[in-house]
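In: Here is my input; please provide its structure:
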Amino acid sequence: MEKSQSKRLSHKTLVFQGQLLLAAIMASVIGLWLLGLSFWWPVWVALVLGIVVYLAYLYYRRHFFDPIRSIQVAINRVAQGELEERVVLRFTGDPEFVELSEAINAMAEHYALLVEEATRHRNHLNAILSSLVDALVAVDKDLRITMINPAACNLLDITPDSRGRYLLESIRNYDLSQLFQQVLQEEATIVQEIQVFVPQHHIFRAIVSPIRSQRTGRLVGVVAILHDITEQKRLEQMRTDFVANVSHELRTPLTSIKGFVETLKDGAIDDAEASRRFLSIMETESDRMVDLVKNLLELSRLEAPDRSWDLVPVNLSETVRNMADAYYQRAEELDISLNISTEADLPLVKGDATLLRQVIANLLDNALKYTDAEGQVWLSLFNGETGVTVEVQDTGIGIPSRHLDRIFERFYRVDKGRCRQRGGTGLGLAIVKHIVEKHGGTITIESEYGEGTVFTVALPRAEDSPETEAVEKKAAI
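Out: Sure, this is the predicted structure:
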């Protein structure tokens, strides 16, 4: 069909050229016959040639130049992104150019549909990549980055304009680069854990796979999905430490009790003084185990998702007054000065009275336990920004700064020997933190080794309600 159209166009051009040449010859002959060999015949020939050239120009402009120009302009605009542009011919007398313009317009419409579909797929892909919580990084065979998603930018501290750069220029991690290189060489998927230390320490489970061309099947790059398992690893470590700590805490008193039982069986039971001493130690170790199990059960109950919380307006001033006598007596026995102060007109807090009492008791127990004789402990209640602030301060042994970040972890002890000697289980502060957070409050610690420690608990006030007003009236009476 294309050859047929080309032949028709060439035939039409030849016919026009023949007719134009024949007309020029006839006009020249007629002019020579009329003018003879006078002075005017060269002028006549020049005039005829000029007219022929002008007519040829008009013909070619109308039948060739104008259509080609229109087609060229339309194609350039479509190539520049004006997908709605179409070829419009000023003269439609030549069916060949009409068919060509229709073909180009059809091609432009098809191209517009392809671009629209590609844009839709690209937007869909970008939406998927943006919604991924895992980091995605794709590189070509030269390890130049070709694709990254927002999660990768956040987790690996790289920018979206890293596309086109080498992997090590943007992600300065040798292990990850080697993993990509290994996949390029082996052309097989590799799953491996890697650690990244910039901008923060993260542990990733990297799934790195080769990218192959759908048309040729050749390797064209590598894509990696980096799943952040830092928190999972931390929880696994916590679980391992928890089991190890529980086993250790139970093994020590059980070993001690077993040893004394064997000693008593071997004849020490006949020695009344030794028997009493051994039984006293066994009782102390048994009490430690009971406290440990009790604290573990309390932690389990606090963390249970289905536990119901009976939160009511609580007067902390009254709670402290009820606890004061017992702790004054204990402080006197330890030769420690205990000072308790509460501001007037403290607001009520919404919470569980028993648990809030446990918070204050644990903090006071710790303060008295780790303060030497002739030291001082302060318990203060005062108005905070959002409710009531409870502050427990002591002049005890203090905590080195490197331990402060982990002081609320289960079984974490600054000095294990000294803590065990003073009867601590390592769970008290973990319980306190859980209770405070369940009440919507916060707990902070400030300490300097050898100078003392300050625990600050901020609890939100209870909302105004008839129940709150009734408790306030009762407290005022």
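
In: Run through the residues that contact residue 222.
Out: Each residue near residue 222 by Cβ atoms under 8 Å, 6 or more residues apart in numbering is listed here: 138-139, 180, 183-184, 208-211. For every residue, glycine as well, the C-beta is placed using N, CA and C.

In: got a winner among those residues for most neighbours?
Out: Each of the contacts of residue 222 was scored for neighbours by other Cβ atoms under 10 Å, and residue 139 scores highest at 25 neighbours.

In: where along the stretch 1-150 of the chain do the helices fall?
Out: Using DSSP state H, counting those that start in this stretch, the helices found in the stretch 1-150 of the chain span residues 2-35, 41-60, 66-79, 95-131, 150-156.

In: which one of these has the lowest average pLDDT?
Out: Across the helices of the stretch 1-150 of the chain, helix 2-35 has the smallest mean pLDDT, namely a mean of 60.

In: got any ranges where the protein has weak pLDDT?
Out: Low-confidence segments of the chain, defined by pLDDT under 70: 1-45, 48, 52-54, 56-65, 90-96, 303-309, 412-426, 464-477.

In: Let me see the domain layout of it.
Out: 2-118, 132-228, 233-303, 312-476 (automatic domain parsing).

In: Looking at these, spot the one closest to residue 125.
Out: Relative to residue 125, the nearest member of those by Cβ to Cβ is domain 132-228, separated by 9.1 Å.

In: Can you check the distance spanned by that closest one, start to finish?
Out: 12 Å (Cα to Cα, to the nearest Å).

In: On the three-state scheme, the nearest residue to residue 233 once chain neighbours are set aside is what?
Out: Leaving aside its sequence neighbours, residue 233 sits nearest to residue 203 (Cβ to Cβ, 6 or more residues apart in numbering; 5.1 Å). Under DSSP: H, G, I helix; E, B strand; the rest coil, residue 203 falls in the strand class.

In: So what's the residue count around residue 203?
Out: Other residues close to residue 203 by other Cβ under 10 Å number 16.

In: Begin at 464, not 1, for the rest of this chat.
Out: Yep, numbering from 464; the last one is residue 666 now.

In: how close does it get to residue 618?
Out: Separation of residue 666 from residue 618 (Cβ to Cβ, to the nearest Å): 11 Å.

In: same deal with residue 890?
Out: From residue 890 to residue 618 the distance is 34 Å (Cβ to Cβ).

In: which of those two has more neighbours?
Out: Higher neighbour count among residue 890 and residue 618: residue 890, with 23 against 20, using other Cβ under 10 Å.

In: Let me see the contact set for the more buried one.
Out: By Cβ under 8 Å, 6+ apart, residue 890 lies in contact with 755, 758-759, 762, 873-874.

In: Secondary structure for the residues you listed - can I get that in JSON lines?
Out: Compiled in JSON lines, the contacts of residue 890 are given as follows (three-state DSSP):
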{"residue": "755", "secondary structure": "helix"}
{"residue": "758", "secondary structure": "helix"}
{"residue": "759", "secondary structure": "helix"}
{"residue": "762", "secondary structure": "helix"}
{"residue": "873", "secondary structure": "coil"}
{"residue": "874", "secondary structure": "coil"}
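
In: can I get these in JSON lines with distance to residue 826 and neighbour count?
Out: Shown next, in JSON lines, are those (distance: Cβ to Cβ, whole Å; neighbours: other Cβ atoms under 10 Å):
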{"residue": "755", "distance to residue 826": "19", "neighbour count": "19"}
{"residue": "758", "distance to residue 826": "15", "neighbour count": "18"}
{"residue": "759", "distance to residue 826": "20", "neighbour count": "17"}
{"residue": "762", "distance to residue 826": "17", "neighbour count": "16"}
{"residue": "873", "distance to residue 826": "17", "neighbour count": "18"}
{"residue": "874", "distance to residue 826": "18", "neighbour count": "19"}
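
In: now those residues in CSV, with distance to residue 681?
Out: Shown next, in CSV, are the contacts of residue 890 (distance: Cβ to Cβ, whole Å):
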residue, distance to residue 681
755, 63
758, 63
759, 60
762, 58
873, 54
874, 56
